[in-house]
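> Sequence and computational prediction follow.
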Amino acid sequence: MENNRARSGSTIIFITGGARSGKSRYAQELALQFSQHPVYIATARKWDDEFNQRIQRHRNERDERWTSLEEEKHISSLDLHDKVAVIDCVTLWLTNFFVDLGNDVDRCLAACRKEIIALQQQKGIFIIISNEIGMGIHAETAIGRKFTDLQGWANQFIAQQADEVVLMVSGIPVKIKETTGK
């Protein structure tokens, strides 16, 4: 995998943390350090009115410098060559697979891995946002525990592929992985 990433010239920066820890704000600020015209990839599915309001709030946080794209599952199908892209977020992205694949954790994890590997074939800087849902309250339902497992395994895979991993804690970025001399 390392050889494929080096050959394609992709860079993955993985930003994870709890709810409202500042992940999206930090990712957007970082993207603007790399490019004056970054791309924002929203993975959210429009489930209901409350979710539509959440999506609109996120849209309002970005100005005219941003190109916004919506892609629920197949992020690697987007043309992101030579672009800086914020992918927000793994949790919502996995939810789309989880629902569409009948809550099959193995199939969802395989789909996630396939997309990340394909994304790495494009030259660009990909800032991927996720949540650490396993650090919170233990899920009460079997399906909730299955999703928590899926999220944890997906996060581990993406973090392994990433050149840099940042844990957001109360709005403070804590670098937990940094690859030098790529």
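Happy to help now that I have it.
> Where does pLDDT dip in the protein?
1-8, 51, 55, 136, 180-182 (pLDDT under 70).
> could you redo the last one with a cut-off of 80?
For the chain, the stretches with pLDDT under 80 are 1-8, 45-61, 134-138, 179-182.
> Give the burial count for the nearest residue to residue 67 once chain neighbours are set aside, as a bare number.
Spatial nearest neighbour of residue 67, chain neighbours left out: residue 39 (4.8 Å); criterion: Cβ to Cβ, 6 or more residues apart in numbering. For glycine as for every other residue, the C-beta is placed from the backbone atoms N, C-alpha and C. For residue 39, the neighbour count with other Cβ atoms under 10 Å is 20.
> so what's residue 159 up against?
Contacts for residue 159 (Cβ atoms under 8 Å, 6 or more residues apart in numbering) come out as 14, 16, 165, 177.
> what do you get for residue 95?
Per Cβ under 8 Å, 6+ apart, neighbours of residue 95: 45, 147.
> What lies in contact with the helix or strand containing residue 109?
Using DSSP states H and E, residue 109 maps to helix 105-119. Applying Cβ under 8 Å, 6+ apart, the contact partners of helix 105-119 are 1, 4, 10, 12, 73-76, 80, 90, 93-94, 97-98, 101, 126, 146, 149-150, 153-154, 157-158, 161.
> partner strands of the helix or strand following that helix, parallel or antiparallel?
Tracing the chain C-terminally past helix 105-119 and defining elements by DSSP H and E, one meets strand 124-129 next. Sheet partners assigned to strand 124-129 using DSSP bridges are listed as strand 10-17 (parallel), strand 83-88 (parallel).
> Which helix in the chain has the most residues?
helix 142-161 (DSSP state H).
> Could you pull out the buried residues of that helix?
146-148, 150-151, 153-155, 158-159, 161 (16 or more other Cβ atoms under 10 Å).
> that older thread, check the spacing between the residue nearest to residue 67 and residue 101 real quick.
27 Å (Cβ to Cβ, to the nearest Å).
> Same check on residue 175?
In terms of Cβ to Cβ, residue 175 sits 33 Å off from residue 101.
> ok, the two, which is more surrounded?
Taking neighbours as other Cβ under 10 Å, residue 175 and residue 101 compare with residue 101 leading, 15 against 10.
> Neighbours of the residue nearest to the more buried one when sequence neighbours are not counted, how many?
Excluding its sequence neighbours, the residue lying closest to residue 101 (Cβ to Cβ, 6+ apart) is residue 107, at 4.6 Å. For residue 107, the count of nearby residues is 14 (other Cβ under 10 Å).
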